[in-house]
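> Take a look and give me a structure for this.
(2 chains, ligands or ions: 5)
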Amino acid sequence: MTATLGDVLLETRHLKRYFRLDKHRQVHAVDDVCLSIQANEILGLVGESGSGKSTFGKTVLGLHDKTAGEVLYRGEVLPARYRSADFQRFARSMQMIFQDPYSSLNPRMTAGEIIAEGLRLHSDAKPRAVREEVARWLRQVGLSPDHASRYPHEFSGGQRQRIGIARAMIVEPEFVVCDEPISALDVSVQAQVINLLSELKREYGLTLLFIAHDLSMVRYVSDRMAVMYLGALAEIGPADDVFFRPMHPYTQMLVASNPEPDPITERQRSAEPIHGEITSPVNIGPGCRFAGRCPKVMDHCRHTTPELLPVRDLTSDATRQVACHLYG
Amino acid sequence: MPVKEQHDYALTVDNLEVEFDTYGGTVHAVRDVSFGLRRGKTLAIVGESGCGKSVTVQALMGLIPMPPGRITGGSARLRSAGSGPAGSGPAGSGATELIGLRERELNRIRGNRIGMIFQDPMTSLNPTMRIGDQIVETLRVHRGMSIREGFKEAERLLDRVRISEARERARQYPFEFSGGMLQRVMIAVALACSPEVLIADEPTTALDVTIQAQILDLMQALQREEGMSIILITHDLGVVARMADDVAVMYAGQIVESGSVEAIFHRGGHPYTLGLRRATPSNDPENRQQLEPIEGSPPDLFHPPVGCGYFARCPHAMQICEGSMPDPFDLHQPSAAAEGIRHSARCWLQHAQAPRTAGLNQNDAGREEP
Ligand SMILES: Nc1ncnc2c1ncn2[C@@H]1O[C@H](COP(=O)(O)OP(=O)(O)O)[C@@H](O)[C@H]1O
Ligand SMILES: Nc1ncnc2c1ncn2[C@@H]1O[C@H](COP(=O)(O)OP(=O)(O)O)[C@@H](O)[C@H]1O
Ligand code: SF4
Ligand SMILES: [Mg+2]
Ligand SMILES: [Mg+2]
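Ligands and ions are numbered 1, 2, ... in the order given. Have a look, this model is predicted:
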């Protein structure tokens, strides 16, 4: 059952995930997010820390219960709250790769045991077949089968991230959430991991939700880019369109902040000051979440929540979606 | 050793060597490092983690824990304005040798003439003390102010680093500040004594890109106003391109290439410099070039290679590279009037008899046509 590009593989409808802090306060970590991910695409998700990216990724995978709204996978509505049988069932199609290659691997398990875990839990493969698969995946991610008997602390950061990738990939999922998979790595190693992910995507027809805060890297790997602010989508569209012609004032602020690795471009950069800091999405009321920092704020921005609406990019002639009253 | 030409330097470092004794043996963290910081300019030190960036500046500040650390050689001279062109003679008029200074003298220089900010502001802030009190403390120690004067000055400093409602904020504790705000406080503390040199070790690495932009803008504005010279440590080429006048590229404890920011980005003469560039996505709308990772990982500094540190990962390595590390080769400046410092690279490909290498800026002087 391979899906082709253009088919919607996963869709979120008004997805919400709140965290209750106390009797009166709730964190609206993910608040009414509607988006769809097409089969075999890489959707990049950017936004400052605290904007809800990780919570979104985890909620989509059932690692958090949904407060409201739904997630559809191949048109099927996934449970609002996973029971262990649901994990059994969905873990084979959906996996996650985590940011921190240091804390996300159990230090008391060998690399081989870590990678094999998914297969042992989610399939009835015989031990010998599992061993062979582990060796195959170690090679696939650029390690060697001899590495199976070593412990996480014996690996570098980049190698640990490869182990994390092999662990996710061994069950041959269709959809993988990569939560900041390169943020903790050195530049030279980031490119190794990015190229590995792109190869795996091509070879296995993967669909990826790629969460990161490095805008240039997200533009480089993604087909489409989504921008999140305080739990809500600000903008989503073709990656190059969003990066080179950002429409939402928040996306414009992110792009303007993003330093370019070229002194000539940097010298010509306009010195537009960047306002304010991200707050926390506690008990959010109506109005645009970005209003407090937005250089283009208008009166009704503070009272009416802007909807995510289609807007045409006249240069590329493609449509994207923007949640801003400037385009309403 | 490198002749430092006519520039006015705020700080010069020559042949610095730092080692650490550990269970595994001796780590040669900094090996024969020399550079100059031009007055009023920003020098970026760039390289991957573990290559010796922090240890280099810690050595200048007397912050190497001894033991296990040891400075086994070299010199670092802080030069007051107008002390004349830098040479490599003994610390003469207006120059202060930092290596080997006693704790008391170092304390006077730290804070008064050299300010420092780190990636994690909480390494130098007290979590149980109000922000204002911490700044006043610095002002009392370094500028002999009274408490009342100190508070006024603290308010003024918080205002200068664009913290709004400075008076109210001064009464708050560190936990009430965001990461970006704490970094502003650190800059305020560093500014308290109008230092000649500001050392910033990955000051924005932990921050979001919007907050990073604010902090970098602030540093640039303060540099313009105060004429500070800045050493900025970072692993982010975008930050280097935005901030630096001059760049030193470090690898395995050594500076492998240095020059003006334009030279490093557009006329790079060391394969590692090129490797870093090609592993970083460029924001070119026309061109989504394939990222080229640098395969392998940096060498073990317990037994640093006798030859070029980059030998094992270098796509152009030659036989000679394994056995010996060259001294810096000078690279051509595009014009004699070119502003900026000397451009040099420690790579055998800069030798007149080395083969031409695509993408690498090589000196043509004396080179034979193949
Ligand atoms: N388990 C939790 N309990 C309470 N608040 C949480 C929890 N997890 C996340 N949050 C809050 O939700 C918001 C979004 O967090 P997160 O999804 O981690 O953002 P991002 O990944 O974009 O940095 C933040 O304000 C964060 O503090
Ligand atoms: N206190 C210490 N004890 C032992 N080794 C150290 C110590 N501090 C730094 N090192 C070693 O020195 C080398 C350079 O470290 P550092 O300057 O921190 O690198 P970076 O370029 O990431 O700032 C590393 O190999 C590191 O492990
Ligand atoms: S809706 Fe208003 S406040 Fe929000 S981003 Fe657009 S202009 Fe700014
Ligand atoms: Mg996150
Ligand atoms: Mg460091």
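> Could you use CA atoms for every contact and neighbour count after this?
Will do.
> where does the closest residue in space to residue B:117 that isn't next to it in sequence fall, helix, sheet strand or coil?
Nearest non-adjacent residue to residue B:117, counting by C-alpha to C-alpha, 6 or more residues apart in numbering or on different chains: residue B:200, 4.8 Å away. Assigned by DSSP: H, G, I helix; E, B strand; the rest coil, the conformation of residue B:200 is strand.
> Give me the longest helix you can find in chain A.
For chain A, the longest helix by residue count, based on DSSP state H, is helix A:187-204.
> again but with chain B, I slipped
helix B:209-226.
> What is the distance between that one and the centre of its chain?
Averaging C-alpha positions (C-alpha atoms, centre = their mean, to the nearest Å) puts helix B:209-226 16 Å from its chain's average.
> And stretch A:233-242, by the same measure?
14 Å.
> repeat for stretch A:12-29
Centre to centre, stretch against its chain (C-alpha atoms, centre = their mean), the figure for stretch A:12-29 is 19 Å.
> go on, stretch B:141-153?
31 Å.
> and that stretch, which residues are buried?
B:142, B:145, B:150-151, B:153 (16 or more other C-alpha atoms under 10 Å in any protein chain shown).
> Ligand 2: which of the residues you listed is nearest?
The nearest member of the buried residues of stretch B:141-153 to ligand 2, counting by C-alpha to the nearest ligand atom, is residue B:142 at 27.6 Å.
> What segments of the stretch 151-300 of chain A are helices?
Under the criterion DSSP state H, counting those that start in this stretch, the stretch 151-300 of chain A contains helices at A:157-169, A:187-204, A:215-221, A:239-244, A:249-257, A:263-268.
> Tell me which of those sits most buried.
Sort the helices of the stretch 151-300 of chain A by mean neighbour count, taking mean count of other C-alpha atoms under 10 Å in any protein chain shown, and helix A:157-169 sits at the top with a mean of 25.
> for it, packing partners?
strand A:94-97, helix A:111-122, helix A:127-140, helix A:187-204 (3 or more C-alpha pairs under 8 Å, 6 or more residues apart in numbering or on different chains; DSSP states H and E).
> distance between that helix and the chain's centre?
17 Å.
> and what of stretch B:148-166?
28 Å.
> quick one: average pLDDT of it?
Stretch B:148-166 carries an average pLDDT of 90.
> Tell me which residues are up against stretch B:105-113.
B:61-62, B:98, B:116, B:142, B:190, B:192-197 (C-alpha atoms under 8 Å, 6 or more residues apart in numbering or on different chains).
> any low-confidence regions in the chain?
In the absence of a named chain, this looks at chain A. A:1-6, A:101 (pLDDT under 70).
> think we crossed wires, I meant chain B
Ranges of chain B meeting pLDDT under 70: B:1-6, B:82-93, B:333-340, B:365-370.
> which stretches of the stretch 101-250 of chain B form helices?
Under DSSP H, counting those that start in this stretch, the stretch 101-250 of chain B gives helices at B:103-112, B:131-143, B:147-160, B:166-170, B:179-191, B:209-226, B:237-243.
> Report the distance from the shortest one to the chain centre.
I take that to be helix B:166-170. On C-alpha atoms, centre = their mean, the centre of helix B:166-170 falls 32 Å from that of its chain.
> Identify whichever of the helices of the stretch 101-250 of chain B lies nearest to residue B:313.
helix B:237-243 (19.9 Å; C-alpha to C-alpha).
> close to chain A, is the closest one?
Yes: Helix B:237-243 reaches chain A (C-alpha under 8 Å from any C-alpha of the partner chain) through B:237-242.
> Quick one: list the elements packing against that helix.
Helix B:237-243 packs on helix A:263-268, strand B:42-46, going by 3+ C-alpha pairs under 8 Å, 6+ apart.
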